[in-house]
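Undergrad: Have a look; sequence and predicted model below, questions after that.
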Amino acid sequence: KFFYYIDANASEAKITLAWTDPEGTPTPLTYTSTDLNNPASMLVNDLDVRLKQICAGTEFQPYILDPANPALAATTGDNVRDNIEQIHQKSLNAGWYVVEVSHKGTLAAAQDYSLIIEGFETPNRWTGAWSKGAAPTSTDIVSIESNLPVDTDGATKIEANHVFIADGVTITANTSEELEISGNITTDGSATFLGDGELNLINDNALICGNLNVSNLVLAKGANTATIEAANSLLEITEVFTTESGTLNTNGNLKLIANSNANQEGYAQILDNGGSISGDVVAQAYIIGGSDWRHIASPVTTDLNDYL
């Protein structure tokens, strides 16, 4: 899998896959007209390329021709005949995409291939080191594809614009350490932000897509809004969500997590420092077993502190 970002100004995108297929076994001759231009697939190693928009789930397939009607214009679908496949889209919505190369059945042997990707912005990838040789800046597109400690190379803050976090990845930030993101956050599954440090959402309007579990989140969007995608997304807070400025639109997909601490500790909280939340919030509560009375009520602002 290869993860790329495309911005709103991109005019087109093109992905081309090519490989040298091993020699196959010819179809036996029948000495009839079917021997000419036989449409049966002769691929030994049938590779496939697909392009998928991660948040929307939209999949794009390569060109195919109809062997029964070769004069017709190409359509798109599952190409089972050619050892060159191409996906071409003249316009795509801005966002994160995954290019995936796979194969059908069992390969006859290890298969090398060439892949040309055009029209996408290449991110600064973290796979144990930064692909561009240095930590990203606030304008960089970033793909985090393995576990990331914020204090890598002695840093206390990592800045980025649009960020992709691969499924299963954990980002760790200790006290006084920050990951500061001004654009969209996307994961293709579930990702985790752990530690006493902060994940800061700043500046521009942004989308949160996928399942994200965060210890300490700060909303500082100014007059702008961060929106949790309505479908297949969930933002979980395990410690404190601080709203400093801007609005978080939850679409009903914000959850405050409670652990099973018998002392009634470990409840996630919202600290109101000036921002706002629009939409429903799910607040978990741990109830100790036994025969005592329980009183359950909605969180409220109190005179004791600013926590909701």
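TA: Cool, the structure landed.
Undergrad: Give me the number of neighbouring residues for residue 183.
TA: The tally of other residues near residue 183 (other CB atoms under 10 Å) stands at 24. Every residue, glycine included, has its C-beta placed from N, CA and C.
Undergrad: got the contact list for it?
TA: Listed by CB atoms under 8 Å, 6 or more residues apart in numbering, the contact partners of residue 183 are 160, 161, 162, 163, 204, 206.
Undergrad: Name the nearest residue to the spatially most central residue of the chain, ignoring sequence neighbours.
TA: Ranked by distance to the mean C-alpha position of the chain (CA atoms, centre = their mean), the top residue is residue 187 at 2.7 Å. The shortest distance from residue 187 to any residue other than its chain neighbours is 3.4 Å, reached at residue 210 (CB to CB, 6 or more residues apart in numbering).
Undergrad: Okay, and that neighbour sits in which element?
TA: Per DSSP states H and E, residue 210 falls inside strand 206-228.
Undergrad: separation between the residue nearest to residue 187 and residue 238?
TA: The gap separating residue 210 from residue 238 is 17 Å, by CB to CB, to the nearest Å.
Undergrad: Looking at the contacts of residue 183, spot the one nearest residue 169.
TA: The nearest member of the contacts of residue 183 to residue 169, counting by CB to CB, is residue 163 at 11.0 Å.
Undergrad: Between its first and last residues, how far does stretch 162-177 reach?
TA: Between the opening and closing residues of stretch 162-177 there is a gap of 19 Å (CA to CA, to the nearest Å).
Undergrad: i'd like the first residue to be 896 from this point on
TA: OK, 896 is where the count begins now, so the last one is stretch 1057-1072.
Undergrad: Which parts of the stretch 1096-1203 of the chain are strands?
TA: Under the criterion DSSP state E, counting those that start in this stretch, the stretch 1096-1203 of the chain contains strands at 1101-1123, 1129-1144, 1149-1151, 1164-1167, 1171-1173, 1176-1178.
Undergrad: Go through the contacts of residue 1078 and give me the one with the most neighbours.
TA: Neighbour-wise, those (other CB under 10 Å) top out at residue 1058, 27 neighbours.
Undergrad: List the beta-bridge partners for the residue nearest to that one when sequence neighbours are not counted.
TA: Take residue 1058 and drop its neighbours on the chain: the residue closest to it by CB to CB, 6+ apart is residue 1037, 4.8 Å away. With beta bridges defined as DSSP bridges, residue 1037 has these partners: residue 1019, residue 1058.
Undergrad: Just list the residues touching residue 1037, thanks.
TA: If a contact means CB under 8 Å, 6+ apart, then residue 1037 has 1018, 1019, 1020, 1021, 1031, 1055, 1056, 1057, 1058, 1059 as its contacts.
Undergrad: Please report how far the last one lies from residue 1162.
TA: Remark: distance between residue 1059 and residue 1162 (CB to CB) = 31 Å.
Undergrad: Tell me which of those two has more neighbours.
TA: The neighbour count for residue 1059 versus residue 1162, taken as other CB under 10 Å, is higher for residue 1059 (29 against 18).
Undergrad: And that one, how far from residue 1038?
TA: 5 Å.
Undergrad: overlap in contacts of these two?
TA: Taking CB under 8 Å, 6+ apart as the contact criterion, the residues that touch both residue 1059 and residue 1038 are 898, 1018.
Undergrad: picking up where we left off before, in the strand holding residue 1105, what counts as buried?
TA: Under the neighbour-count criterion of 16 or more other CB atoms under 10 Å, strand 1101-1123 has 1101-1116, 1119-1123 buried.
Undergrad: Ok, stretch 954-974 next?
TA: Burial within stretch 954-974, assessed by neighbour count using 16+ other CB under 10 Å, is assigned to 955, 956, 957, 958, 959, 960, 974.
Undergrad: Mind telling me the two of those residues farthest from one another?
TA: 955 and 960 (17.3 Å).
Undergrad: What ranges does this protein have for its helices?
TA: Using DSSP state H, the helices of the chain do not appear at all; there are none.
Undergrad: check contacts around residue 905.
TA: Residue 905 sits next to 986, 987, 989, 1014, 1015 when contact means CB under 8 Å, 6+ apart.
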